[in-house]
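**Student:** Structural data only, the sequence is not supplied:
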């Protein structure tokens, strides 16, 4: 009968998080070395199981906070993975999320306690189950989002130079961008606040610092603008 729950199959629902960070070396991903079977000692995405009293977004928020110590993380739900044999122990469906964090802000002690490590996305190790597929999908989504909308500011420090912003976009998109064209497009959006402060480490004259104007950005989103990088 349609209303008979007792006879229905029971499956586990997991949440796996692709956590991206950025530093002077480029775009990175946070991975964890498993300390339990199956695949003990191998590298994995950071994840966990959905609790009875949670919705998926709250499960992702809990997992991200547990491993990074951060709140209010930018994240986006990506895709569901339901291959029957994707987990050799139990029938498990996984919903993936990608998240963007500033590497400088996360709790390094938590990272060490959970045997987690940052890897360049170009040098990341092979992952368990279908996690490589999840990472590939997340990178494609991130690149698409970045090419049309100015996201990724969560990966930068609160104050940043235009050069840092350019390097971030080049790292995400994995291509060189025309500097003048990039600066012109970013400035035309009017979503940055130019400060009187300068970063004196970049050159003798120094480079002006900027902050992200979240209110203006959200106004732009309502108008459905496109960046087209």
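**Tutor:** Now that the structure is in, tell me what you want to look at. Bear in mind that the values here come from a model prediction, so they are computed numbers and not experimental data.

**Student:** mind checking which helix or strand the spatially most central residue of the chain is in?
**Tutor:** Geometric centre of the chain, nearest residue: residue 99, 2.7 Å, by C-alpha atoms, centre = their mean. Using DSSP states H and E, residue 99 sits in strand 92-100.

**Student:** Just after that strand, pick out the following helix or strand.
**Tutor:** Counting by DSSP H and E, the element after strand 92-100 in chain order, helix or strand, is helix 108-113.

**Student:** Mind giving me the packing neighbours of that following helix?
**Tutor:** With contacts taken as 3 or more C-beta pairs under 8 Å, 6 or more residues apart in numbering; DSSP states H and E, helix 108-113 sits against helix 56-68. For the C-beta atoms, the positions are set from N, CA and C on the backbone; glycine is no exception.

**Student:** In the helix it packs on, which residues are buried?
**Tutor:** 59-61, 63-64, 67-68 (16 or more other C-beta atoms under 10 Å).

**Student:** any idea which of those is the one closest to residue 104?
**Tutor:** When the buried residues of helix 56-68 are compared for distance to residue 104 (C-beta to C-beta), residue 68 wins out at 11.8 Å.

**Student:** Not counting residues beside it along the chain, what's closest to that closest one?
**Tutor:** Closest residue to residue 68 apart from its sequence neighbours, by C-beta to C-beta, 6 or more residues apart in numbering: residue 106 at 4.3 Å.

**Student:** next one: residue 229
**Tutor:** residue 147 (5.0 Å).

**Student:** Beyond the helix or strand harbouring that neighbour, next helix or strand please.
**Tutor:** Using DSSP H and E, residue 147 sits within helix 131-148. Per DSSP H and E, helix 131-148 leads on to strand 160-161 as the next helix or strand towards the C-terminus.

**Student:** thinking again about what came up before, pLDDT score assigned to the residue nearest to residue 229?
**Tutor:** With respect to pLDDT, residue 147 scores 86.

**Student:** I'd like the distance between it and residue 227.
**Tutor:** 7 Å (C-beta to C-beta, to the nearest Å).

**Student:** More neighbours: these two, which one.
**Tutor:** residue 227 (18 against 14; other C-beta atoms under 10 Å).

**Student:** and the more buried one, that's in a strand?
**Tutor:** No. The assignment for residue 227 (DSSP: H, G, I helix; E, B strand; the rest coil) gives coil, which keeps it out of a strand.
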